[in-house]
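Asker: How does the following fold in three dimensions:
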Amino acid sequence: VTFFFLLSGFVLALSNTKKNIPTSQFYVNRAARILPIYLIALLAYMAITSSSLNGKFFISAALIQAWLPKYATTLNYPGWSVSVEMFFYLICPLLIFVSNIKKHVRLKVWLASSLLLWVFSQVVLSYYSRTDPYGNTSPRLHSLINYFPPSHLCSFVLGFTAGLMFKAGVLRNVVGEKTALVLSIVLFAIIGKIIDYGPRIDDAIGAHLAYGSSFTAILFAPAIYFCAIANNLLKKAPFIPVLVILGESSYSLYILQAPAHLAFQMLPTQLLSESSTINFSVFVIFLISLSIASYFLIEKTLSKTIKVFYAKRMKRSPVKTEAVA
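Answerer: Numbering: from 1, shown residues only. This is a model prediction of the structure:
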């Protein structure tokens with residue numbers, strides 16, 4: 001999820017800076033991409049679990065659950081990260097505005113500011129993630145550390161800064177594509193080891209780090225950056241078209257995983273294997289197939305419909321919208 005937050009900042013910096021994009025258009029584009037399948041997944045979860053349309057549903061439907069510790073992971077629990085992402089979308093026009101208007105603000109200032117925000121976030125969150133003598137933290141504190149939108153802001157800002165630096169060509173003529181690819185792979189491997197050996201690291205330094213709250217963003221940023229440098233090299237790989245499709249459908253896969261798993265568990269036992277490994281493999285294939293179908297049949301279709309509707313309405317409207325850039 002940290003990777004997703006950082007990548008979204010990186011991509012938005014690349015695709016939206018130095019463009020005259022109305023603020024309303026930016027929000028419509030983001031809502032058209034996120035909301036349709038999110039609401040469908042939420043309704044599917046409600047239907048499968050026979051849940052009533054209560055306060056929890058409306059909190060999740062409004063995408064504010066991550067702001068409320070008690071409700072952060074209720075109902076379709078992966079939705080908490082979408083709630084966080086919507087907060088990033090809300091403030092992104094401000095970042096775009098600053099990056100375009102404040103030309104005197106150098107990349108060094110952006111980099112220093114984003115690094116300071118990451119350090120400050122991790123110091124505060126790691127302090128509050130300390131456990132009691134029994135190894136527990138309160139559920140409320142756990143939610144504030146792991147799901148609260150400001151706790152992950154450093155990831156988005158780091159990604160946005162990396163996008164600005166990539167657009168400016170930093171290191172692109174210094175680091176070769178092959179070297180960049182190797183560095184990216186090494187960084188991803190290090191991130192994996194940090195996640196695996198988190199408890200041992202805590203024991204070694206005598207403190208508990210907030211691994212679930214953008215701790216690895218400091219490594220994901222250069223990993224994504226080097227991947228972008230190696231982009232032309234990666235495009236030559238024969239399996240890239242398959243990965244592109246998987247990447248485009250990854251949001252559907254992520255947000256549909258909970259209702260899809262509940263539905264899979266409801267299958268008659270005679271249709272399932274005695275091997276949990278086989279059942280899991282079948283479920284993964286089912287989920288991937290479902291996500292690809294969802295992307296092409298639902299996400300793209302509804303997203304295009306919303307954008308076309310907005311464009312037609314704006315043509316009829318005499319009121320001009322304020323641009324973010």
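
Asker: Contact partners for residue 30?
Answerer: 86, 89 (C-beta atoms under 8 Å, 6 or more residues apart in numbering). Quick note: C-beta positions are derived from backbone N, CA and C, even for glycine.

Asker: hmm, try it at 7 Å
Answerer: residue 89 (C-beta atoms under 7 Å, 6 or more residues apart in numbering).

Asker: Pull up the gap between it and residue 276, please.
Answerer: Distance of residue 30 to residue 276, computed by C-beta to C-beta, to the nearest Å: 39 Å.

Asker: Same check on residue 230?
Answerer: 38 Å.

Asker: neighbour count winner among the two?
Answerer: For residue 230 versus residue 276, neighbours defined as other C-beta atoms under 10 Å are more numerous around residue 230 (21 against 9).

Asker: ok, and the closest non-adjacent residue to residue 232?
Answerer: residue 177 (6.2 Å; C-beta to C-beta, 6 or more residues apart in numbering).

Asker: So what's the residue count around the one you found?
Answerer: 16.

Asker: Phi first, then psi, for it.
Answerer: Dihedral angles of residue 177 (phi, psi; degrees, to the nearest 10) stand at phi -60, psi -40.

Asker: hang on, it packs against residue 229?
Answerer: Yes: in terms of C-beta atoms under 7 Å, residue 177 counts as a neighbour of residue 229; the distance is 6.3 Å.

Asker: and the helix or strand harbouring residue 259, what's its mean pLDDT?
Answerer: Counting by DSSP states H and E, the element that carries residue 259 is helix 250-265. If you average the pLDDT over helix 250-265, you get 95.

Asker: who does that helix touch, helix- and strand-wise?
Answerer: Secondary structure elements in contact with helix 250-265, counted by 3 or more C-beta pairs under 7 Å, 6 or more residues apart in numbering; DSSP states H and E, are helix 23-48, helix 276-294.

Asker: What's the first helix or strand after the first one?
Answerer: Of the helices and strands lying after helix 23-48 in sequence (DSSP H and E), the nearest is helix 55-61.

Asker: What is that next one packed up against?
Answerer: Counting by 3+ C-beta pairs under 7 Å, 6+ apart, helix 55-61 packs on helix 23-48.

Asker: repeat that with 10 Å
Answerer: If contacts are counted by 3 or more C-beta pairs under 10 Å, 6 or more residues apart in numbering; DSSP states H and E, helix 55-61 sits against helix 23-48, helix 79-101.

Asker: quick one: buried residues of the shortest one?
Answerer: Same thing as helix 79-101. 79-89, 92-93, 95-96, 99-100 (16 or more other C-beta atoms under 10 Å).

Asker: again with the first one
Answerer: Of the residues in helix 23-48, 23, 25-42, 44-46, 48 count as buried by neighbour count, 16+ other C-beta under 10 Å.

Asker: cool, and stretch 114-123?
Answerer: Within stretch 114-123, the residues scored as buried using 16+ other C-beta under 10 Å are 114, 115, 117, 118, 121, 122.

Asker: So the residue nearest to residue 232 sits against residue 171, correct?
Answerer: No: Residue 177 lies out of contact with residue 171 (C-beta atoms under 10 Å); the separation is 11.8 Å.

Asker: Which neighbours do those two have in common?
Answerer: Common neighbours of residue 177 and residue 171 (criterion: C-beta atoms under 10 Å, 6 or more residues apart in numbering): 226, 229.

Asker: And the residue located most distally from the centre of the chain, how far from residue 21?
Answerer: Ranked by distance from the centre of the chain (C-alpha atoms, centre = their mean), the top residue is residue 270, with 37.6 Å. To residue 21, residue 270 is 55 Å away according to C-beta to C-beta.

Asker: Check residue 158 too.
Answerer: 22 Å.

Asker: Who has more neighbours out of the two?
Answerer: Using other C-beta under 10 Å, the more surrounded residue of residue 158 and residue 21 is residue 158, with 28 against 18.

Asker: hang on, the more buried one packs against residue 9?
Answerer: Yes: Residue 158 lies in contact with residue 9 (C-beta under 10 Å); the separation is 6.9 Å.
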